[in-house]
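Asker: got a sequence here, can you build the structure:
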Amino acid sequence: MRLFLRHGSACLALFCFMFLSPVFAADGHQEEQTQIRSSMTVTQALVLGVVEGFTEYLPVSSTGHLILTQRMMGIGRTAEEKQAADAYSICIQAGAILAVLTLYFPYVRRMIQGILGRDPGGLRIGVNIFMAFLPAAVVGLTFASVIKQYLFGLWPIVWAWFVGGMAILVVTWTRKKNETRMGMSLEELTWKRALAIGLIQCIAMWPGVSRSLVTIVGGWLVGMQLKSSVVFSFLLGVVTLSAATAHDAVAHGRIMIQAFGWINLVAGFVAATCTAAISVKWLVRYLEKHGLALFGYYRVGLAVLVGILLWIGVLQDYQ
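Answerer: As a prediction, the model looks like this:
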């Protein structure tokens with residue numbers, strides 16, 4: 001709580017535009033908005049915020065979990081509502097971003113000081129974050145509509161969960177436990193290896209893969225300590241998720257606010273902020289002691305369960 005009080009206002013200023021832009025985008029359509037009955041309750045918005053917060057930085061895919069939760073709630077049945085629901089899933093990421101900015105503000109401050117020429121190590125971290133972000137920016141802007149059209153469905157997510165889970169298990173089975181403590185620190189990472197992590201991150205544009213998973217494993221594979229990979233994944237996520245959130249807020253803010261209302265957006269944001277802070281602190285402690293294997297088993301089990309429910313018709317995919 002003290003961290004939030006100390007840095008909250010500074011962190012909030014970094015991304016207030018992307019959170020408030022849906023409200024501004026809908027501002028000129030107030031009359032039309034009042035005629036549309038929200039298809040999401042505040043309780044549902046809180047549930048989605050909790051799901052987003054807990055899963056955003058875990059290697060299990062927050063987007064996949066949000067889409068699954070929406071389908072279970074019956075949200076996104078029409079094409080227009082599905083577009084709004086997909087945008088909502090991305091925009092409430094702002095809460096998770098705020099949580100990481102607050103918890104890891106010392107790294108942000110170091111990067112700012114590095115840009116000002118006061119911290120060479122901070123500048124190196126900032127350059128590496130930028131290099132790792134570039135591939136996702138290019139691929140995301142180029143293929144965003146195609147990705148949403150073909151991959152934002154439960155069957156693609158099920159396959160991504162399963163393959164990603166098996167990949168985690170293979171990596172953990174083939175590497176010794178003590179290797180998680182060996183390797184480069186955050187400051188020792190080179191820009192070329194950071195770029196390699198960024199290229200690997202592009203795989204996570206397939207919902208269900210998990211951006212956290214591929215960046216953590218990617219950092220580990222290029223020679224970083226597991227803990228350093230996790231921190232780098234968090235910091236890279238702030239930039240990548242901020243860009244994605246701002247893009248969707250501007251592009252689809254109006255239809256999202258019309259479909260769900262600004263109160264539901266705020267509820268999801270607040271819930272995501274609180275739960276993401278808990279999730280991030282737990283993940284760092286857990287990975288230091290136990291590694292990634294648990295998440296591999298979880299992903300495979302979830303993929304099998306959801307696949308069966310889809311196959312027998314209990315779950316419906318509105319893609």
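Asker: report the contact partners of the residue most central in space within the chain.
Answerer: Taking CA atoms, centre = their mean, the centroid of the chain lies closest to residue 56, which sits 4.3 Å from it. Shown in contact with residue 56 (CB atoms under 8 Å, 6 or more residues apart in numbering): 62, 93, 96, 212, 237, 241, 272, 276, 279. From N, CA and C alone the C-beta is placed, and that goes for glycine too.
Asker: just the residues you listed: which are in helices?
Answerer: 62, 93, 96, 212, 237, 241, 272, 276, 279 (DSSP state H).
Asker: and the gap between residue 300 and residue 45?
Answerer: Relative to residue 45, residue 300 is positioned 30 Å away (CB to CB, to the nearest Å).
Asker: equivalent analysis for residue 173, please.
Answerer: 40 Å.
Asker: looking at those two, which one has more neighbours?
Answerer: residue 45 (24 against 9; other CB atoms under 10 Å).
Asker: so that one is in which element?
Answerer: helix 42-55 (DSSP states H and E).
Asker: and that helix, average pLDDT?
Answerer: With pLDDT averaged residue by residue, helix 42-55 scores 95.
Asker: and for it, what's in contact with it?
Answerer: 61-62, 65-66, 69-70, 73, 75, 88-89, 92-93, 95-96, 99, 260, 263-265, 267-279.
Asker: restrict it to CA atoms and write it as PDB.
Answerer: Only the C-alpha atoms of helix 42-55 are listed here, as PDB (Å, rounded to 0.1, in the frame of the first residue of the first chain):
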ATOM      1  CA  VAL A  42     -20.700  -4.900 -12.500                       C
ATOM      2  CA  THR A  43     -20.200  -8.300 -10.800                       C
ATOM      3  CA  GLN A  44     -19.100  -9.800 -14.200                       C
ATOM      4  CA  ALA A  45     -16.700  -6.800 -14.700                       C
ATOM      5  CA  LEU A  46     -15.200  -7.500 -11.300                       C
ATOM      6  CA  VAL A  47     -14.800 -11.200 -12.100                       C
ATOM      7  CA  LEU A  48     -13.100 -10.300 -15.400                       C
ATOM      8  CA  GLY A  49     -10.800  -7.900 -13.600                       C
ATOM      9  CA  VAL A  50      -9.800 -10.500 -11.100                       C
ATOM     10  CA  VAL A  51      -9.100 -13.000 -13.800                       C
ATOM     11  CA  GLU A  52      -7.000 -10.400 -15.700                       C
ATOM     12  CA  GLY A  53      -5.100  -9.400 -12.700                       C
ATOM     13  CA  PHE A  54      -4.200 -12.900 -11.500                       C
ATOM     14  CA  THR A  55      -3.300 -14.300 -14.900                       C
END
